[in-house]
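1. have a look; sequence and predicted model below, questions after that.
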Amino acid sequence: MMVDLELLKAIEEMMDRKLDPVNQRLDRVEQELCEVKEGLSEVRTGVNTLLEWADEVGGAIAFPIPKMNL
């Protein structure tokens, strides 16, 4: 019984070592995804600001800017 537990523990440690690079890559991907989400939020805010501005000035020029629903 003790040999089985020791063997299982050794297998667990080997698998942990094998999975370390995968876990590190996943951590980097998660960090990059968070950065992309932050950038997307900034872009969305900028687009909404431009759309609001376009609505305000659309009537002041000869051709109206079409309203966009995002």
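-> Nice, thanks for sending it over. Predicted model, so just to flag it, every value in this text is computed and none were measured.

2. so for the chain, the centremost residue is which one?
-> The structure's the chain has its C-alpha centroid closest to Leu33; by C-alpha atoms, centre = their mean the separation is 2.7 Å.

3. separation between that residue and Glu12?
-> 29 Å (C-beta to C-beta, to the nearest Å). C-beta coordinates here come from the backbone N, C-alpha and C atoms, glycine included.

4. output the below-cut-off pLDDT ranges for this protein.
-> Per-residue confidence for the chain (pLDDT under 70) gives these ranges: 60-65, 70.

5. helices along that one, start to end?
-> With helices called from DSSP state H, the chain shows them at 2-57.

6. most distant residue from the centre of it?
-> Of all residues in the chain, Met1 has its C-alpha farthest from the mean position, at 46.7 Å, by C-alpha atoms, centre = their mean.

7. next up, the contacts around that residue.
-> By C-beta atoms under 8 Å, 6 or more residues apart in numbering, the contact set of Met1 is empty.

8. again, but for Pro21
-> Contacts of Pro21 (C-beta under 8 Å, 6+ apart): none.

9. please identify the buried residues of stretch 18-37?
-> Of the residues in stretch 18-37, none count as buried by neighbour count, 16 or more other C-beta atoms under 10 Å.

10. now do the same contact list for Ile11.
-> With C-beta under 8 Å, 6+ apart, Ile11 has no contacts at all.

11. now it: how far from Glu42?
-> In terms of C-beta to C-beta, Ile11 sits 47 Å off from Glu42.

12. so what's the residue count around Thr45?
-> Thr45 has 10 neighbours, counted by other C-beta atoms under 10 Å.

13. do the same with Ala54
-> The burial count for Ala54: 14, using other C-beta under 10 Å.

14. now the one 3 residues further on
-> Residues within reach of Val57, counting by other C-beta under 10 Å, total 11.
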